[in-house]
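> Pasting the sequence and the predicted model now:
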Amino acid sequence: MYGTPFRFSLNFGAARRAQWIPKWPGRSGRQASRRRTAAWLSLAAIGLLILGLSGCGSIVQSASNAQATAGSLTVNPSTVSFGSVAVGQTASASVTLTNNSSDAVQVSQIIVSGTGFQEVSADTLPLSIDAGGTYNVVVAFAPTTTGAASGQISVTSTAAGGGTLAVGLSGTGTAATTQSVTLLSSLSCSYGSMTGAGTDNCTVTLSGAAPSGGMIVDLSSNNGSVKVPASVTVAANASSAKFQATVSAVSAAETGTLTASAGSVTETFALKLNAAQRVLSANLSSVAFGNVTVNTSVQRTLVLQAAGTESVTISAASLTGAGFSVSGGSFPITLNPNEVLNLQVQFAPTSAGAASGELTISSNATSGATMQITVSGTGTTSSSGGAGAVLSVNATTIAFGNVALSTPATQTVTLSSTGSTAVTVSGATVTGTGFTLSGGSFPITLNPGQSATLNVVFNPATAGAATGKLTIASDSTAGATTVVNLTGTGVSTVTYAVDLTWTAPASSPVAVAGYHIYRATGTSANFQLLNTSVNVPATYADTTVQSGQSYVYAVTSVDASGVESSDSNLFTVTIP
């Protein structure tokens with residue numbers, strides 16, 4: 001959910017000549033370097049600046065890291081020239097954003113400025129570009145008057161270095177001709193590559209407005225994993241129409257070609273399909289039971305977890321070796337991403353001596369069709385070990401990993417009687433912030449070979465690492481208390497953004513080319529420039545803020561030579 005916006009006003013100072021340099025701790029060098037020219041920029045008071053603070057939550061699974069890292073974003077081409085376009089007609093072009101890094105990049109804003117230029121791609125912001133992935137921004141030029149025109153595409157993202165990518169736009173409006181014919185001019189989709197199943201938003205664009213009655217564009221795909229409608233109709237007087245391509249998961253990388261046809265004109269778009277990732281992991285690579293008294297049994301819990309982009313189907317689990325068995329699953333069973341399955345592995349020796357075996361998990365995971373886990377244990381007699389009341393616990397440490405705030409996660413602890421006589425568990429206590437015990441009514445008496453299960457719950461209320469202990473009291477000859485260490489990390493599921501909006505100067509002797517946005521953290525006077533290039537629109541989204549921090553913002557106007565105005569008034573905001 002988004003929070004309530006904070007509202008405040010920013011006012012720019014009166015006009016100052018470049019020879020006069022105001023002093024501001026931590027910023028005098030920056031301002032002086034931009035005000036040495038004789039030119040001076042006069043700005044009237046800039047009106048209302050509104051800052052919106054919003055937070056959007058999403059569930060963070062324990063198997064993944066919720067902290068996004070900065071990727072690297074490039075754009076191709078860096079400039080777009082539409083050439084000559086008749087008034088009343090429309091030309092379009094595609095600009096490709098490419099994430100060349102191993103981390104996803106979040107795009108928060110795409111703005112197209114300039115008379116006659118507009119975006120026609122079907123993006124829904126914010127959007128994420130996966131590592132190695134691409135995203136296409138489709139821009140149209142529809143001049144309403146003759147003459148040269150220029151504009152810009154501004155892309156704000158979390159790419160390394162921050163700031164905004166800028167793509168220059170140009171074109172020339174020419175006189176309309178009575179013989180102009182509307183033709184299909186382009187076919188584009190939002191994503192150039194997709195992993196797993198999903199949908200891609202696509203657009204067909206005409207060279208001008210569709211005639212009365214509309215214009216039908218036939219659609220087709222050469223790949224059975226990519227489905228498109230048979231046709232799409234561009235409405236009368238419209239120059240484009242949108243449709244969706246439905247993509248099914250593939251087991252190996254493929255390329256699908258979408259085709260749009262109208263009259264004698266055919267346009268194509270290549271869509272790369274990446275193999276779906278079905279990953280199955282286990283919390284243990286081997287299961288060692290140690291010494292177990294003959295004719296008794298001990299259990300260990302094996303946790304299987306699905307990861308990747310697609311669900312994993314486990315078809316079977318088989319266990320070899322004398323005295324070993326497995327239970328807890330009815331196969332086949334399908335696990336969605338981040339879902340887990342608990343299997344109980346048991347060792348019940350019938351004779352003394354070392355024993356070993358192998359647990360084989362069969363699935364359709366792309367990480368491997370079979371997973372093999374070794375099991376081992378030693379059967380002992382009461383005279384050689386395990387005499388009296390002995391309590392065994394299946395784990396010395398329980399690691400919960402990352403857990404979303406206020407989202408309880410549960411793991412089990414198995415208590416087993418491995419001695420020659422019954423053992424009594426008198427109680428169990430849990431310490432540590434966020435950790436609690438569920439299940440178990442004490443005292444519990446376990447006869448040789450019997451076991452009981454306790455549930456330990458981690459429900460973090462604050463972000464950060466947490467530790468605790470489960471202490472079990474019994475009359476075991478191996479020790480009156482048994483301690484199991486507990487660890488986990490609370491992860492915040494809320495991200496924040498500070499949205500800045502201001503009103504452009506009403507008048508100025510020198511034209512305003514754009515704006516610079518500065519930010520300082522806390523009470524520091526060390527202001528940093530947030531945008532790497534001149535920010536053309538009178539808006540800016542700061543998506544790099546952190547929970548619990550305070551920030552101070554200021555904005556300056558910039559002319560074509562890079563000369564800045566004096567600073568606006570300051571505003572401080574604290575992120576929850």
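Here it is on my side, so go on.

> and Ala322, how many neighbours does it have?
15 (other C-beta atoms under 10 Å). In this view, the C-beta of every residue, glycine as well, is placed from N, C-alpha and C.

> Isn't it up against Ala355?
Yes. Between Ala322 and Ala355 a contact is recorded at 5.4 Å, counting by C-beta atoms under 8 Å.

> between the two, what contacts are shared?
Here Ala322 and Ala355 share the contacting residues Pro349, scored by C-beta atoms under 8 Å, 6 or more residues apart in numbering.

> And the pLDDT for Ser325?
Model confidence at Ser325, given as pLDDT, is 93.

> Give me the three-state assignment for the residue lying closest to it once chain neighbours are set aside.
With sequence-adjacent residues excluded and distances taken as C-beta to C-beta, 6 or more residues apart in numbering, Ser325 is closest to Gln346, at 4.9 Å. With DSSP: H, G, I helix; E, B strand; the rest coil as the basis, Gln346 sits in strand.

> and if you look at the one 5 residues further on?
Of the three states, Ser351 takes coil according to three-state DSSP.

> if I pick it, what's in contact with it?
Counting by C-beta under 8 Å, 6+ apart, Ser351 makes contact with Val294, Gly379.

> Need phi/psi at it.
phi -150, psi 160 (degrees, to the nearest 10).

> again with Ala480
Residue torsions, per degrees, to the nearest 10, at Ala480 are phi -70, psi -20.

> Run through the bridge partners of the spatially closest residue to it that is not a sequence neighbour.
Excluding its sequence neighbours, the residue lying closest to Ala480 (C-beta to C-beta, 6+ apart) is Ala473, at 6.4 Å. On the basis of DSSP bridges, Ala473 takes part in beta bridges with Gly427, Thr481.

> OK, contacts around Ala473?
Counting by C-beta under 8 Å, 6+ apart, Ala473 makes contact with Val425, Ser426, Gly427, Ala428, Ala480, Thr481.

> if you set the cut-off to 6 Å instead, what comes out?
Contact analysis of Ala473 by C-beta atoms under 6 Å, 6 or more residues apart in numbering lists Ser426, Gly427, Thr481.

> now the helix or strand where Ile111 lies: how far from the chain's centre is it?
Assigned by DSSP states H and E, Ile111 belongs to strand 105-113. Relative to its parent chain, strand 105-113 has a centroid offset of 16 Å by C-alpha atoms, centre = their mean, to the nearest Å.

> Enumerate the sheet neighbours of it, specifying parallel or antiparallel for every one.
Going by DSSP bridges, the partners of strand 105-113 are strand 127-129 (antiparallel), strand 147-157 (antiparallel).

> Enumerate the positions of it that are buried.
Val105, Gln106, Val107, Ser108, Gln109, Ile110, Val112 (16 or more other C-beta atoms under 10 Å).

> Quick check: of these, which lies closest to Asn526?
Distance to Asn526, by C-beta to C-beta, is smallest for Ser108 among those, at 24.6 Å.

> Show me what the helix or strand that contains Val292 packs onto, helices and strands only.
When elements are defined using DSSP H and E, Val292 is found to belong to strand 286-293. Strand 286-293 sits against strand 298-308, strand 340-347, strand 370-380, with contacts defined as 3 or more C-beta pairs under 6 Å, 6 or more residues apart in numbering; DSSP states H and E.

> what is the rounded mean pLDDT of that strand?
Rounded mean pLDDT across strand 286-293 is 85.

> Other residues contacting that strand?
298, 300, 345, 347, 349, 374-378, 380, 385-386, 418.

> Return the distance of that strand from the chain's centre.
For strand 286-293, the distance to the chain centre is 41 Å (C-alpha atoms, centre = their mean).

> quick one, it and strand 340-347 angle?
40 degrees (axes from the mean of the first three to the mean of the last three C-alpha atoms, to 10 degrees).

> can you give me the angle strand 286-293 makes with strand 298-308?
With the same axes, to 10 degrees defining the directions, strand 286-293 sits at 170 degrees from strand 298-308.

> Distance of Asn535 relative to His516?
Distance, Asn535 to His516, using C-beta to C-beta, to the nearest Å: 7 Å.

> May I have the strand holding Ile111 exported as CSV, CA atoms only?
What follows is strand 105-113, C-alpha atoms only, in CSV (Å, rounded to 0.1, in the frame of the first residue of the first chain):
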residue,chain,number,x,y,z
VAL,A,105,17.1,-3.2,-12.6
GLN,A,106,13.9,-1.4,-11.5
VAL,A,107,12.6,1.3,-13.9
SER,A,108,10.4,3.8,-12.0
GLN,A,109,9.7,6.4,-14.7
ILE,A,110,9.7,6.8,-18.5
ILE,A,111,8.9,10.3,-19.7
VAL,A,112,8.7,11.5,-23.4
SER,A,113,8.9,15.2,-23.9
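
> Which helix or strand lies directly C-terminal to it?
That would be, after strand 105-113 and using DSSP H and E, strand 117-119.

> That concludes my questions; thank you for your assistance.
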